[in-house]
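Asks: the amino acid sequence is not available; the structure is as follows:
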């Protein structure tokens with residue numbers, strides 16, 4: 001698997017007064033896609049929290065809004081890993097409407113202890129599964 005695809009249908013509640021998707025909703029779509037991506041790989045957030053007391057937190061998001069989407073549009077959120085660090089993973093997420101790239105995001109997640117919020121190395125099997133989503137790892141990125 002080199003990319004995860006998560007379908008989203010646009011409902012009235014997702015739009016603003018102008019009838020286009022409200023900008024903050026793309027963050028919700030991306031979060032759902034990341035959650036379902038992990039679940040589909042057999043490594044759901046709940047397992048990481050319950051078994052290891054760890055969570056993946058968003059550290060940074062860069063987002064480019066390229067084309068508006070509207071009510072009833074069928075979107076797909078595509079998620080790929082672009083880099084892995086010891087305690088972090090960088091994702092590229094795209095929101096597509098058919099062949100049109102509507103939104104592009106770079107998301108940096110950090111693995112932390114659930115209670116103390118201290119960064120920790122991403123453990124197996126999560127590390128190995130995330131590496132399966134690699135789009136293109138830089139040469140100096142160590143698994």
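Replies: Sure, I can see it. The model shown is predicted, which means the values in this text are computed figures rather than measured ones.

Asks: residues contacting residue 79?
Replies: 3-4, 6, 30, 33-34, 37, 91-93, 133 (CB atoms under 8 Å, 6 or more residues apart in numbering). C-betas here are computed from N, CA, C, even on glycine.

Asks: need the contact list for the residue nearest to it when sequence neighbours are not counted.
Replies: Using CB to CB, 6 or more residues apart in numbering and skipping residues adjacent in sequence, the residue nearest residue 79 is residue 4, 4.5 Å away. Counting by CB under 8 Å, 6+ apart, residue 4 touches 33, 36-37, 40-41, 78-80, 133.

Asks: show me what counts as buried in the helix or strand containing residue 104.
Replies: Assigned by DSSP states H and E, residue 104 falls within strand 100-113. In terms of neighbour count (16 or more other CB atoms under 10 Å), strand 100-113 has its buried residues at 102-103, 105, 107-112.

Asks: buried only: go through the contacts of residue 4 for me.
Replies: Applying 16+ other CB under 10 Å to the contacts of residue 4 flags 33, 36-37, 41, 78-80, 133 as buried.

Asks: quick one: which of those is nearest residue 56?
Replies: Checking those against residue 56 with CB to CB, the nearest one is residue 37 at 11.1 Å.

Asks: related to what we said a few turns ago, contacts for the strand holding residue 104, please.
Replies: With CB under 8 Å, 6+ apart, strand 100-113 has contacts from 26, 30, 34, 53-69, 75, 82, 87-96, 118-123, 126.
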